[in-house]
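[1] Could you look at this predicted model? Sequence included:
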Amino acid sequence: MHAFLHYLCSEARLQEIFYLWRPHLHDPKDDMVLEVAVAGKCEAIVTHNRRHFDGAASFGIRVLSPAGLLVRLGVLS
């Protein structure tokens, strides 16, 4: 676990956001996650609460479950 956290921190970067288009989702806290994903040009948001991010597709962002991510990475089949 320590090695994974070290790797994650070494790859992470601070991303500024500007609150230009809120609200878009039902929950303002989910809007913050979506806005960071958009600003950071992320390919996907990985969450157990996929239905909370129904509007993410309009920004070109996929919403994956953790298992869906592992399938996409080829770890699970």
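    Happy to help now that I have it.
[2] Any stretches of this protein with poor pLDDT?
    19-21 (pLDDT under 70).
[3] how much space is there between the residue nearest the centre of the chain and His2?
    Central residue of the chain (CA atoms, centre = their mean): Ile45, 2.4 Å from the mean position. Distance, Ile45 to His2, using CB to CB, to the nearest Å: 25 Å. (Glycine included, C-beta is placed from N, CA and C.)
[4] ok, and for stretch 49-66, which residues are buried?
    For stretch 49-66, burial by neighbour count (16 or more other CB atoms under 10 Å) applies to 52-53, 55-56, 61-64.
[5] Could you dump the residues you listed into a markdown table with secondary structure added?
    Formatted as a markdown table, those follow (DSSP: H, G, I helix; E, B strand; the rest coil):
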| residue | secondary structure |
| --- | --- |
| His52 | helix |
| Phe53 | helix |
| Gly55 | helix |
| Ala56 | helix |
| Ile61 | coil |
| Arg62 | strand |
| Val63 | strand |
| Leu64 | strand |
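[6] For Val33, state which of those residues is nearest.
    Closest approach between the buried residues of stretch 49-66 and Val33, by CB to CB: Phe53, at 7.7 Å.
[7] The residue nearest to the centre of the chain belongs to a strand?
    Yes. Assigned with three-state DSSP, Ile45 falls within a strand.
[8] going forward can the numbers begin at 51, since that is how I track them
    Got it, first residue is 51 now, which makes that one Ile95.
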